[in-house]
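Visitor: compute the structure for the input listed below.
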Amino acid sequence: MNKKKIRTRIAPSPTGPMHVGTARAALFNHIFARQHKGDFILRIEDTDEQRSDPRFEKDILNSLEWLKIDYDEFYKQSERTEIYKKYLTKLLEQEKAFFCRHSKEELAEEKKKQMKNKEAPRHVCEHKQEADTTGIIRLKGSDKKIKFKDLIRGEIEYNGALLGDMAIAKDEETPLYNFAVVVDDYEMEISHVIRGEDHIPNTPKQILIQEALDIETPVYAHIPLTLAPDRSKMSKRHGATSISEYKKTGYLPEAFVNFLALLGWNPGNNKEIISREELLKIFDIDRFQKGGAIFNIDKLDWFNREYIKKMSIQELSKRVLAFVPDSWRKKAEKKPEYWTKILKLEKERLTKLSDIRDYTEFFFKKPVYPKDLLVWKDETPANTKQHLDKILNLLSSLETEDFTQESVKKSVWNYAEKQGRGNVLWPFRVSLTGLAKSPEPFGVSEILGKEETIKRLKYALEII
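Guide: Next up, the predicted model:
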């Protein structure tokens with residue numbers, strides 16, 4: 001490992017919202033830097049004016065903030081034009097780079113022939129000795145073997161002859177990706193480049209540029225790509241979406257970070273719930289797997305449920321209030337005890353914070369449902385009506401101040417045991433919630449109170 005100060009970076013392009021792959025790379029770079037008391041840099045690669053969009057830059061910043069991935073320095077490539085020009089001028093003056101006047105059509109035809117002959121696509125320019133200042137700027141090619149040690153992949157070797165004369169800039173003020181990256185990493189003193197394995201083909205190109213500029217090569221570590229469960233490229237049908245969408249849906253940032261950390265990396269044991277603080281202590285770059293990291297939305301849901309279960313009711317209340325209508329929020333703030341009882345009842349069922357709306361709507365408004373929903377399996381409507389009548393009579397005899405989960409259950413249980421639990425408890429629960437899946441009716445009754453419970457039982461009797 002380098003003896004100089006550890007400095008890592010993440011360099012997203014603001015051409016779309018931040019997705020899992022970029023967030024995961026940011027997390028590992030951040031952890032590695034913090035673990036070694038180093039610096040983590042955010043660099044926005046916005047030299048593509050046509051595709052870059054300020055709203056996506058804002059999305060990147062907001063996503064990192066949500067994940068609590070803080071950075072020490074911030075740069076935008078669009079503000080560094082003069083720096084790139086200085087290094088391009090140097091290469092041109094030293095005749096290590098040149099202007100190539102071949103047209104796009106000529107290059108396309110050349111590539112077509114190479115593909116037909118099953119050759120690696122590359123361009124070797126016959127005009128590189130001519131004093132021409134039109135066309136794109138290319139780095140003079142090399143036939144040397146390019147070798148580098150990857151912290152995850154080990155020794156990697158590449159034949160430089162396969163690269164030909166690489167394009168490094170459109171003109172003296174418009175660098176292309178690989179050139180800008182090399183200059184930025186050098187100027188920003190990046191010690192370690194931790195990125196996805198899809199960048200491995202870029203590494204030999206960047207090393208050739210570094211050698212031409214006579215600058216130091218950082219340490220590379222290429223992490224496995226995030227794949228769908230069928231090992232195909234991630235897409236929306238696999239649950240892939242932007243980080244801002246995960247936030248909007250109600251995933252917890254701490255659960256999401258835990259999930260990201262275990263995509264392609266392991267702590268060396270079977271432990272799955274790992275806090276950020278613990279991650280900073282145990283992270284070891286040697287524990288990356290080489291195969292693809294499988295993204296499983298069901299696993300993410302599991303992490304989120306576990307973190308919600310561990311959360312205090314007070315903390316959960318703060319988080320879920322952002323996902324309910326204003327009228328509910330006002331009632332929750334006005335009647336904190338009522339809201340607390342609801343959360344205690346529903347907490348174990350929540351997968352995402354946004355579930356709170358669907359799961360608790362019946363506490364804030366009378367449910368509407370088809371009468372068929374009241375009937376359990378093969379039971380008849382007539383028998384169901386009889387069961388609801390009986391429950392109504394049993395609960396009507398309870399004192400209002402003694403209308404608790406325990407007293408309601410005690411009143412109804414013997415009858416339910418004799419008639420069949422499903423036959424009795426199913427219509428009882430549906431009459432209160434209007435849902436096929438909801439908590440047991442005893443706890444719901446206590447929260448609703450005697451008056452509202454009786455009202456809903458009477459409504460059920462009316463519609464059946």
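Visitor: from T384, how far off is the residue of the chain most remote from its centre?
Guide: When distances are taken from the C-alpha mean of the chain, S397 lies farthest, 53.0 Å away, according to C-alpha atoms, centre = their mean. The gap separating S397 from T384 is 21 Å, by C-beta to C-beta, to the nearest Å. In short, each C-beta sits where N, CA and C put it, glycine included.
Visitor: same question for I152.
Guide: From I152 to T384 the distance is 62 Å (C-beta to C-beta).
Visitor: with A161 instead?
Guide: The gap separating A161 from T384 is 81 Å, by C-beta to C-beta.
Visitor: quick one, which of those two is more surrounded?
Guide: More crowded of A161 and T384, by other C-beta atoms under 10 Å: T384, with 23 against 14.
Visitor: dump the residue contacts of that one.
Guide: T384 makes contact with L374, V375, W376, N423, P427, I464, according to C-beta atoms under 8 Å, 6 or more residues apart in numbering.
Visitor: cool, and V424?
Guide: Applying C-beta under 8 Å, 6+ apart, the residues near V424 are H387, K390, I391, V412, Y415, A416.
Visitor: which regions of the stretch 201-350 of the chain lie under the pLDDT threshold?
Guide: For the stretch 201-350 of the chain, residues meeting the criterion pLDDT under 70 lie at 235-240.
Visitor: in terms of helices and strands, where is R429?
Guide: Assessed by DSSP states H and E, R429 sits inside helix 421-433.
Visitor: just the buried residues of that helix, please?
Guide: N423, V424, L425, W426, P427, F428, R429, V430, S431, L432, T433 (16 or more other C-beta atoms under 10 Å).
Visitor: what about the residue lying closest to the fifth one once chain neighbours are set aside, how many neighbours?
Guide: Closest residue to P427 apart from its sequence neighbours, by C-beta to C-beta, 6 or more residues apart in numbering: L374 at 4.5 Å. Other residues near L374 number 24, with proximity taken as other C-beta under 10 Å.
Visitor: check what pLDDT L374 gets.
Guide: If you check L374, the pLDDT there is 97.
Visitor: is it true that it touches E462?
Guide: No: counting by C-beta atoms under 8 Å, L374 does not reach E462; the two are 11.1 Å apart.
Visitor: ramachandran coordinates for the closest residue to R34 other than its chain neighbours?
Guide: Nearest residue to R34 in three dimensions, chain neighbours excluded: L280, at 5.9 Å (C-beta to C-beta, 6+ apart). Main-chain torsions, L280, degrees, to the nearest 10: phi -60, psi -30.
Visitor: okay, now L280: neighbour count?
Guide: By other C-beta under 10 Å, 13 other residues sit near L280.
Visitor: wait, it touches A33, no?
Guide: No: applying C-beta under 8 Å as the test, L280 and A33 come out as separate, 10.4 Å apart.
Visitor: about what we covered before: which of the buried residues of helix 421-433 lies closest to M115?
Guide: Nearest to M115 out of the buried residues of helix 421-433 is T433 (C-beta to C-beta; 62.7 Å).
Visitor: alright, I will stop here.
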